[in-house]
Structure formats: C-alpha cells, structure tokens
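Peer 1: Please work out how this folds:
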Amino acid sequence: MFVGLISDIEQKEAHKEIMLWALGKALREKGVLSVILREPARSGNTSGFLARQMAVCMHDRELLERYGVFRQLSGFAGVEEEPCRTFERSVWAGGKKVPVYDRALFLLPQLRYHGISEKPELAEPYLFVDVRNLTDEGAGMIRAFAEKERIFQVVMVQYTGTGTDNFADCSANKEKAGLRLVEYISPEDTHRYLGALWMSAGVVTDRYAGTALALVHEKPFIAVGNSGEETLKTRELLELFHMTEHIYDLGEEKVQDISPCFWIRDEVSLRKDLRALRDAESARMAEELLFEDADMLVKCPVKIPVSQCSACGACEAVCPADAIRMEPDAYGFLHPVVDEMLCDDCGWCSDACIKRGQRHLVQFPDESYPRFYIARQKSGNTGAYSGVYGQLVRYLIKERDAVIFGSILDEEMKPVVVWTQDAQMAERFAEKRYLVNDTKAAFRKVKELLEAERFVVYVGSACECAGLRGYLKRHYPKLFLCELLCHETISHKTFGLYTDMLTRRKDSKLKDIRFGDFEAGTRAGRSVLCMQYENGESGRMKYAQSKYMQAIEQQLTVNEACANCSYLGKKRVGDITLADFQKNVSDVPKAWAEACVAIVSTAKGGRVLEQLTGVEAAPVEFDSVLRFLYKKTAALPNERPAMLKLLKEGDLAGILKNAAKK
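Peer 2: Residues are numbered from 1 along each chain as shown. Below you'll find the model as predicted:
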C-alpha cells in the first residue's frame, strides 16, 4: 500500500527534510511505501536530498488525479501543520483529516540516521550550535559554557541575517575563552547537519528538531528558550522526558553554572522513554493510516506484521544484548518478543530480518543459473529425497571434513538444530516434520566454526537458510546451504497435542517419532509415521490413514507466514535445493518415480553435485518439473479460523475430526 506525504518542499531546510525522511523510513519499515506530494499552494523544486532518498510527485492536483495517483494512495500524512491543513482543505474539502506527525523524528532509533550522515573531519571535541536567532546574550552563554566545559571548538549552522553569520563579532572575547569557530553548516545540507550533530560533544539549539535529534542521539544538550512557538513545542516535548531543566531561557536571571543542565543524568531512563514514545507514535500511525494494527505486529523492534514472520530466529540470534526471544502465541506459533529493559536499539535485528527486501536470495552468477536436474541414487535403498541428500552429506563429511547442521526432535519432542559429523545422524535432518526450529544456538555455532575456517553445511527450509544468511551478514566461502523445499509449517502446539495424544493411547511416553521410513525401498513405503515408546512398543501408520497428516495436507493449522512465502520457483536461498515431487506417484512420469529435483543455484552447489559418484543427475527444463512441485504459497482454508479457535482451546480431536470429513 502507498501513503502520500504532504510537504512544503519549496523551503529546503534540514530539519524539515529529516522529519519527512524519518516518517517515510518508518512507513517503509512497516511494509508501506510512501511518496511526497507537493502542498498545492507551493511551487518550486525539491531538494537533492529528498530527490535521492524518496519518491516525489510535484504535479498539480489535476494531473495527479488524471494519472490516478490519488486512487493508488491509501492515506495522507505530513510533519507540518500548515501544509497538511492546506492540502486537507484543497483536496479533501474538509472531508478527511490529514494526520500530522511532528514527532516523526522519534519513530526511528538513532542507528537509522547514521546511514545518511556525513561526519565532519574534526579530531577534537566540539559543540554543535543550531541557534536561528543568535543574540549577544546567546553568544555569551555559549562562550561561557564552552569555557566551563573546556570544549574549545564550535560547529555552527549558519542562518543568513539572523546573527549566526556574525558569531565572531558576537564572541568578542573568544580569544580569552579559547573558543574557535571551526566550521559552518548550511541549514539546507541535511547530510552534514546530521553528521555534525551525531559526532559532537554536545548540542546547543533553539530549534525543536535540534532538541529532538539531540535526544534521539542521546547527546548532552541545552535548549535555548524564548517566547516563540518553537520553544513551546520544545517545552512540551521535554516535559514528556522530565527534562525541562535543559531549557535555558534568554532574558531570565541565570545561575552561574549551567553545566548540570547540560548533561543527561539518566541515560537508561532516557532510552526507556524514547522507546515508549516510539511505540506510542508507531501505534498512532498504524491506527490513523489504517494499515496493520499494532496488535498485528511482532513485539520486537523489527515491527513486521505477524502474518509475514516465519520465525526464522535471525533477530533472536543476532541480538548482542540477548533482548529478543522466540515465544509461542495462543496458537503455538513462534514470534519474537523483546525485553525492552535490555534492548538498546542497535538495529541489528532489522538488518537481519529476512522480510526486509530480498537481499537474502542467491544472486545467480550468470543467466545459466539456477539449473534443474532430475537426480537419483544409483543403487541401494533410496532414502530421503531419493538418497541424493544422504550421498551429499556423506561426501561433504568425508571430503571436506564438514560439520552438518540440521533439525531433530529432543527428548521432550521439541525441534532443535544440532550439529554432527556422523552421516547416519545427519541423514535424519531431511525428515519433514513441518515444524519451526529453535535456531539461536545453531546460528551462533555456525558463525563460530566459519570464523575458525571450518567447512559448514546447514540443512533446512528456505526461510531458515535465509535467516542464517541474514544473521551472518556476509559471504563465507566455506558455508554450504542445502535447502529442503517445504510448503508449510504448523504450530508447536498442534504437534505437542498430537504427541500427547499418542502417549495417552499407549499409556507410555512417546520416545521418538519419525516422519517416513527412509530405509524403505519405495515411495509408498516411506510415507509412514514410525513411533517408538518408552515401554518398548512401536507403531507404524501410513500417511493416508493418519488424521494428523491429513490435517497438515489440508493446511488446517498452517502458519500464516507460509501463505506469504518469499521463496518459490527460482527464488532460492541455498547453494543446492532438494525437492520431492508433491503429486501422487502416478502423476509423475514413470522415469522420475524414484527420483527428486535438484536445483543448483551456485557454482559451489554445481561442483558438489558433480562429485557425487553415487548419484546420477540429468538436466531438465524448469517448466517441465514445475507442475510437480509446489508453485504457489500455502493456502489459508476457509475452516482455518474455526480450527485456530479449537487449537487455542486445545481441542486437537475437533481438528482431526474436521480433517477426516474430507
């Protein structure tokens, strides 16, 4: 969806541009695109900063309507009261409000601003001064304060005709104080403005945006006060943070030492208040602009919709403060939750998130990739993925001394990712259990081994492999990703209720459950559930006779994120992708009956496949195998809401009964 941002873009000023950019960036991080529209009463060109950072439409209302721009926009917003109200009157004729986000700067943590900041080349500490109306009294205050704090350099925003260009004259005793004006910043130079504020030892400003950015960057600051509207807004802002003592009112009797009013005494409380304000503004924006409700967003700094989160675990693993943990919701679907007391807004989780664009997909080396093969094991009983996977892990363990990572069920029947160099154990990693794995410890161990120059093979679903790529952030030549094509995951609660049901039936704790007998020689023989119990009993059940497997096939409790899968067809994550045919064996050509599809996405994957002497692989066109593979995302059946209600109540029998009806 799209939101139109209203602005008076004729006035090119860093404060306004940063606020507008922050609002647009916050929208993009929620999956909403934005475009800047010119406030109708204004004319003139947009700045270079906005033109490079954001999309801008500067046509008149008639042209915007003619080309259907308004019809594509789901809402309007802005950061300035006057342009928004003018737009509201001229376009909506008073029929719809255009919300104003004058606190847009607080929608983002400070890390987001670093990417558009240009640092000054100054080695010694300096004060950053952004005072629009610099009087002799104000210049004297800056000089006295700098002398007290032993900060002898000043970087100043220069406003023509308002006193700042005469700072040297106002600071008549600057030689005595040792104060040096080392650099002027244009109020239109957004990149240098942000960089100078970011790297300063402190901020002195009479601008509302200057105070806001000082708070976001956790900089010591003095807010120079007067009787203007900017000071009123600044005072209201600082009251939220209980920091009104930072206001220095010109014209009033002053204490001799204002240094205690400059320093931030409680950074922990400031960060907590910044997060609270960001969450409040974000929730207001979600409500007013009518996109994802705050309750529909994951409860971690990434703030993506729950419907998009596949619980890959990248955000949890990458968090340096261990502030994020994966927790199940009422239905048993895992989602990240943040401990706000530990979170320091570093932004690493957002950088790792696999739903931030498609940067985790494989970049094919040339147009000949991806390459598709029909592959099979040459002899012996065929295992998972027709024995190809088993041949692959055995080769990599023997020839590359590889450590293999993949998922198994622990003693409590919970999926965990482990690592091994035992080929027989590694072959179990290919079982399809339709469950999301706990990846935190594994991702960190992968990085540890790669940094030690070990060869690592990670076996998992596309979103899991993408999560590992997002966590690592860089290319490792000795990492090999074996992606197993899946179609859906279900909740841990569904699986837990099922294992409890099996335990009650045998009056003995379930010790192990295997999804497929991979020593069987036929596909039909492999399509069974194999159970082992602590009392020594065992059981086998064909998929066709299992109501549980029928419920999975009918996607009654499918994870909603699987309906928004980003990894279909040629959008691959692994070096090699292995896929079983998803149709009945009778639908697949007879020559392919005991084979699988191998998708090679990198030259590394191709070299490994060529070295598998126990595998025969024949190239094939993608279109010829596509209809036998999953080519659409998982569906959300009409019965799903009712099934989720039963799941929330723990009524698995009701869900299985529904599956048996079909």
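Peer 1: what about the closest residue to residue 108 other than its chain neighbours, neighbour count?
Peer 2: Closest residue in space to residue 108, ignoring its immediate chain neighbours: residue 22 at 5.3 Å, by CB to CB, 6 or more residues apart in numbering. (Glycine included, C-beta is placed from N, CA and C.) Counted with other CB atoms under 10 Å, residues neighbouring residue 22 total 23.
Peer 1: right, and the helix or strand after the helix or strand hosting residue 22?
Peer 2: According to DSSP states H and E, residue 22 maps onto helix 14-28. Downstream of helix 14-28, the next assigned helix or strand under DSSP H and E is strand 33-38.
Peer 1: Secondary structure class of residue 637, three-state.
Peer 2: At residue 637, secondary structure determined by DSSP: H, G, I helix; E, B strand; the rest coil is coil.
Peer 1: Surely it and residue 553 touch.
Peer 2: No: contact criterion CB atoms under 8 Å: residue 637 and residue 553 do not qualify, at 11.0 Å.
Peer 1: Can you check which residues contact both of those two?
Peer 2: Here residue 637 and residue 553 share no contacting residue, scored by CB atoms under 8 Å, 6 or more residues apart in numbering.
Peer 1: just to revisit the earlier point, got a pLDDT number for the residue nearest to residue 108?
Peer 2: For residue 22, the model assigns a pLDDT of 93.
Peer 1: For the stretch 501-650 of the chain, which residues score under the pLDDT cut-off?
Peer 2: Low-confidence segments of the stretch 501-650 of the chain (pLDDT under 70): 517-526, 582-588, 593, 627, 630-634.
Peer 1: please redo it, this time with the cut-off set to 50
Peer 2: Scanning the stretch 501-650 of the chain for pLDDT under 50 picks out the ranges 585.
Peer 1: For it, which segments count as helices?
Peer 2: Applying DSSP state H, counting those that start in this stretch to the stretch 501-650 of the chain gives helices spanning 523-526, 547-553, 603-610, 622-626, 640-648.
Peer 1: between the helix holding residue 22 and strand 33-38, what angle do the directions make?
Peer 2: 150 degrees (axes from the mean of the first three to the mean of the last three CA atoms, to 10 degrees).
Peer 1: re earlier: the residue nearest to residue 108 contacts residue 109, correct?
Peer 2: No: with contact defined as CB under 8 Å, residue 22 does not reach residue 109; the gap is 10.7 Å.
Peer 1: Let me know which of the helices of the stretch 501-650 of the chain is tucked in deepest.
Peer 2: helix 547-553 (a mean of 20; mean count of other CB atoms under 10 Å).
Peer 1: How many neighbouring residues does the residue nearest to residue 530 when sequence neighbours are not counted have?
Peer 2: Distances taken as CB to CB, 6+ apart place residue 514 nearest to residue 530, at 4.3 Å, with adjacent residues excluded. Using other CB under 10 Å, residue 514 has 16 other residues around it.
Peer 1: do the same with residue 430
Peer 2: Neighbour count for residue 430, taken as other CB under 10 Å: 24.
Peer 1: ok, so what distance separates it from residue 287?
Peer 2: Distance, residue 430 to residue 287, using CB to CB, to the nearest Å: 45 Å.
Peer 1: Then residue 278?
Peer 2: Counting by CB to CB, the gap from residue 278 to residue 287 is 15 Å.
Peer 1: Of those two, which one has the most company?
Peer 2: Legend: neighbour count by other CB under 10 Å for residue 278 and residue 287, higher for residue 278 (21 against 12).
Peer 1: ok, the more buried one to residue 184 distance?
Peer 2: For residue 278 relative to residue 184 (CB to CB), the value is 32 Å.
Peer 1: What of residue 319?
Peer 2: Residue 319 is 40 Å from residue 184, where distance means CB to CB.
Peer 1: repeat for residue 635
Peer 2: 61 Å.
Peer 1: Likewise for residue 284?
Peer 2: Per CB to CB, residue 284 is found 37 Å from residue 184.
Peer 1: how about the strands in the stretch 51-200 of the chain?
Peer 2: Here the stretch 51-200 of the chain has its strands, by DSSP state E, counting those that start in this stretch, at 55-57, 73-78, 127-130, 153-157, 180-185.
Peer 1: Any chance of those in a markdown table with mean neighbour count as columns?
Peer 2: A markdown table is the format used below for those (neighbours: other CB atoms under 10 Å):
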| stretch | mean neighbour count |
| --- | --- |
| strand 55-57 | 15 |
| strand 73-78 | 20 |
| strand 127-130 | 28 |
| strand 153-157 | 23 |
| strand 180-185 | 17 |
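Peer 1: I'd like those as JSON lines, with mean pLDDT and distance to residue 592 appended.
Peer 2: Shown next, in JSON lines, are the strands of the stretch 51-200 of the chain (pLDDT from 0 to 100; distance: least, CB to CB, whole Å):
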{"stretch": "strand 55-57", "mean pLDDT": "71", "distance to residue 592": "48"}
{"stretch": "strand 73-78", "mean pLDDT": "79", "distance to residue 592": "47"}
{"stretch": "strand 127-130", "mean pLDDT": "94", "distance to residue 592": "68"}
{"stretch": "strand 153-157", "mean pLDDT": "91", "distance to residue 592": "69"}
{"stretch": "strand 180-185", "mean pLDDT": "88", "distance to residue 592": "67"}
